[in-house]
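[1] Based on what follows, work out the 3D shape:
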Amino acid sequence: MKKFFLISLLNFLSVLSAQNLTFIYELKYKPNLNKDEFVTEQFYLDVLGQQSVFRSEYDRRSDSLVQKNGFGLGTKPLFANQFYIKKNLINATIIKSITAPVMGDKYYIKIDTPLNWQIQPDKQKIAEMDCQKAIVNYGGRKWTAWFSESIPLHEGPYVFNGLPGQVVKISDEHSEYDFTLIKTKKSDKNNMFSLRAGKKITWEEFQKMQLGYYNDPHAEIKARNIKYQVGDEKGNLISMDLRTLSKGIQKQLKENNNVIELNKAVQYP
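    Numbers count the residues shown, from 1 in each chain. Here you go, the predicted model:
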C-alpha cells in the first residue's frame, strides 16, 4: 500500500481547536474519455477557522505571489478541469472559482447541489486510520468516499464535505477521478492568501462562455486590440499566427472532454 505521510493523531488533536490546517491530496484523473491516460497532481485544502480553499499547487503558489506583489503565475489556455473551490462552513456556501484563459478574468459559480450522503456500514483502515464508507451523487457521477472520524472535521477535497469526519479518499465509480489524502500538517500562518473575487455566473452562462471561447479563442485579444507575442528559446519576441494557435486550442478543448462535473460538460462541434 502506498505510504502516507500523516501527522500523528495526538499531534493533530492538539492543534485541532485552532483549525489552521493544511491537507494535501493527490488527484489522479482521466482528462480524455477516449484515451487510457491519467494525470496526477497535488492539491491543497487549507482550512482556517470555518473557511477553506481547495486548489492546485500551481494556483496556491500563484495566490501567494498575488498577495506579496500583486502578480500571479499567469493563466492556462483551457477552461477544462478547474478545481478551485472555496467553502464557508458557517453559512454552508460552496463557490467554484473560474479563471478565463488568455485574459485571466475571474468568475464564480455558487454550488447549490445538495450532497445527500448515504453512510454505509463498511469499514477499513487507510494509513492506520479507521475509515467508514459513504456514497453520494454529484456532477453526474456516483462517488464512493472513505472518511475518518479520528479527524473530526466535516471537510474533504473539492466540493465534498458534510460527513462526520475528514474525507481520506474519494473516487467516482469508474475511477476517472480519485482523490487521496497524502499529508496533513498544522499551519502557523494564514495560507488562504489573496482569495479570488470575480463576477457571479450560472452554469448556463459558463457553458456559453466555453463555447464562445472554442469558436474564437482569441476574441478578447482582438476586441482589446492587444498584440499577441511569445518568446523563442533565446528570449526574443515573435509574433504568432492566431489561426494556428486557435486550432491547437480547439483540439485540446475537444480532447479534454472528461470534466469533473460530467453533467455540465460542453459538447463542442
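
[2] mean confidence score for the host helix or strand of residue 222?
    Following DSSP states H and E, one finds residue 222 within helix 219-223. Helix 219-223 shows an average pLDDT of 71 in the prediction.

[3] show me where the stretch 1-150 of the chain has helices.
    9-16, 57-69 (DSSP state H, counting those that start in this stretch).

[4] Worst mean pLDDT among those?
    Across these, helix 9-16 gives the lowest mean pLDDT, at a mean of 44.

[5] contacting residues for the closest residue to residue 179 other than its chain neighbours?
    Excluding the flanking residues, the one nearest residue 179 by Cβ to Cβ, 6 or more residues apart in numbering is residue 157, at 4.1 Å. All C-beta atoms are positioned from the backbone trio N, CA, C, and that covers glycine. Counting by Cβ atoms under 8 Å, 6 or more residues apart in numbering, residue 157 touches 23, 25, 27, 43, 45, 54, 167, 170, 179, 181.

[6] Tell me which of these fall in strands.
    23, 25, 27, 43, 45, 54, 167, 170, 179, 181 (DSSP state E).

[7] give me every residue that touches the last one.
    Taking Cβ under 8 Å, 6+ apart as the definition of contact, the neighbours of residue 181 are 4, 6, 23-25, 127, 157, 166-169.

[8] Quick check, pLDDT for it.
    97.

[9] From residue 173, how far out is it?
    Distance, residue 181 to residue 173, by Cβ to Cβ, to the nearest Å: 20 Å.

[10] for the first one, same thing?
    Taken as Cβ to Cβ, the spacing of residue 23 relative to residue 173 amounts to 24 Å.

[11] More neighbours: these two, which one.
    residue 23 (25 against 11; other Cβ atoms under 10 Å).
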